[in-house]
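Colleague: sharing a sequence plus its predicted fold:
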Amino acid sequence: MKTPAPATNSSASSTSAAVAEPRDDALLDCLVIGAGPAGLTAATYLARYRRDIAVVDGGKSRARWIPTSHNCPGFPFGVGGEEILARYRRQAAQFGVEVIDGCIARLQCSGEGDARVFTATAADGRHWRARNIILATGVIDNMPAMDGLEQGIAGHAVRLCAICDGYEASDAAIAVLAPVDEAVRHAAFLRTFSRSVTAIASDDTPPSTECAALAADAGIVLLPPPDAMCCDDDGCVVTCGEQAHRFDTLYPVLGSQAQSQLATALGALGDDNHELAIDADAQTTVAGLYAIGDVASTLNQISVGVGQAALAATHVHNRLPRNLRETQDGG
């Protein structure tokens, strides 16, 4: 699936202080790295606060995988990931925000306190200097080896978030593919929505005593690691030995790779999954460095990420020197 093209600036407000490609010597109030829903929300807030910002994005937002979500606030009839991203970009563009295509390869910091400056360098050598950084770099899901995977995601035969769309899988024949204890726990969550839930182990590790009891109590069938998996128009087929099992939908829960390397290289602390620890203002353990959305150690939901974006952007604005509106005579 392709990420939407960057929005044009044809509707940009002439009074916005946001910039797209700053001069090499420019010192931004904030650089936002990542243009998914969280990053674009932060950029919109900061532009409306009349702050000098830039947004750099590598075009890999996790949201682009969403075929249709009925869990996104404000879209009662559902919305696809491509449309979500396009809408957020159009809204940001109204306030002068343009998304710069690029991949930040290195983040450095110099100075202390109010004199602290971050320098972000892209893979192609471009760089940006900023007093604050908001990381909205997300995570990359570990996907299963499965014929027809992208077709399966588009047709809901493969689903990536039980919190987002477990309701839409109500009464379906559901399977969860994961390390066995994780598969059982995830399957138990999905028993809220369906009577038929199967846990498929992704390796040969036996279930713990606790999870074996949980599976028995919840009526969850346990299957060994599959020999083959494929998607077709009617769902997913999982083959274990000589037995083929058909499911309406399959949830792969194989972990993810938090894109937190830029922050941890500066000493920011994270959890066991390398997602970043943040405070009540979404600031990491490095002053001036914020993390929002899936890269932060929190519930991975769009609504959570955009809430963190509002907190981070407002905290950035309030910690910067005041940008008082000039009087009409310029005084």
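Modeller: On my side now, so go ahead.

Colleague: give the burial count for residue 268, as a bare number.
Modeller: Residues lying near residue 268 (other C-beta atoms under 10 Å) number 20. C-beta coordinates here come from the backbone N, C-alpha and C atoms, glycine included.

Colleague: now residue 142
Modeller: 12.

Colleague: so it versus residue 280, what's the distance?
Modeller: Residue 142 sits at a distance of 31 Å from residue 280 (criterion: C-beta to C-beta, to the nearest Å).

Colleague: again with residue 112
Modeller: Residue 112 is 23 Å from residue 280, by C-beta to C-beta.

Colleague: and what of residue 304?
Modeller: 14 Å.

Colleague: between these two, which is the more surrounded one?
Modeller: A side-by-side neighbour count of residue 304 and residue 280, using other C-beta under 10 Å, places residue 304 first with 16 against 7.

Colleague: list the contacts for that one?
Modeller: 293, 298 (C-beta atoms under 8 Å, 6 or more residues apart in numbering).

Colleague: could you redo the last one with a cut-off of 6 Å?
Modeller: By C-beta atoms under 6 Å, 6 or more residues apart in numbering, the contact list for residue 304 reads residue 298.

Colleague: for residue 198, same thing?
Modeller: 175, 221, 223.

Colleague: out of those, which is most surrounded?
Modeller: Neighbour tally across those (other C-beta under 10 Å): the maximum, 28 neighbours, falls on residue 175.

Colleague: for it, what are phi and psi?
Modeller: Residue 175 adopts backbone torsions of phi -130, psi 150, taken as degrees, to the nearest 10.

Colleague: before we move on, what about residue 294?
Modeller: Note on residue 294: its backbone torsions stand at phi -70, psi -20 [degrees, to the nearest 10].

Colleague: where does the stretch 1-150 of the chain have low pLDDT?
Modeller: For the stretch 1-150 of the chain, applying pLDDT under 70 flags the ranges 1-25.

Colleague: that one: strands as residue ranges?
Modeller: 27-28, 30-33, 53-57, 99-101, 104-110, 117-122, 127-130, 133-135, 139-141 (DSSP state E, counting those that start in this stretch).

Colleague: ok, residues contacting the third one?
Modeller: For strand 53-57, contacts defined as C-beta under 6 Å, 6+ apart pick out 18, 22, 28, 30-35, 43, 46, 99-100, 102, 104, 128.

Colleague: that one to strand 117-122, inter-axis angle?
Modeller: Here the directions of strand 53-57 and strand 117-122 differ by 30 degrees (axes from the mean of the first three to the mean of the last three C-alpha atoms, to 10 degrees).

Colleague: and the helices in the stretch 101-250 of the chain?
Modeller: Secondary structure of the stretch 101-250 of the chain (DSSP state H, counting those that start in this stretch): helices at 149-154, 162-165, 180-190, 209-218.

Colleague: could you dump the ones you listed into CSV and include mean neighbour count and distance to residue 249?
Modeller: Listed next are the helices of the stretch 101-250 of the chain as CSV, based on neighbours: other C-beta atoms under 10 Å; distance: least, C-beta to C-beta, whole Å:
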stretch, mean neighbour count, distance to residue 249
helix 149-154, 18, 9
helix 162-165, 17, 9
helix 180-190, 22, 10
helix 209-218, 15, 18
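
Colleague: do you know which of these lies nearest residue 254?
Modeller: helix 180-190 (8.9 Å; C-beta to C-beta).

Colleague: how about the helices of the stretch 101-250 of the chain in JSON lines, adding distance to residue 318?
Modeller: Output for the helices of the stretch 101-250 of the chain, formatted as JSON lines (distance: least, C-beta to C-beta, whole Å):
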{"stretch": "helix 149-154", "distance to residue 318": "41"}
{"stretch": "helix 162-165", "distance to residue 318": "32"}
{"stretch": "helix 180-190", "distance to residue 318": "38"}
{"stretch": "helix 209-218", "distance to residue 318": "46"}
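
Colleague: closest one to residue 52 among these?
Modeller: The nearest among those, by C-beta to C-beta, is helix 162-165 at 35.2 Å.

Colleague: how far off centre is that closest one?
Modeller: Offset of helix 162-165 from its chain centre (C-alpha atoms, centre = their mean, to the nearest Å): 14 Å.

Colleague: same deal with stretch 48-56?
Modeller: 21 Å.
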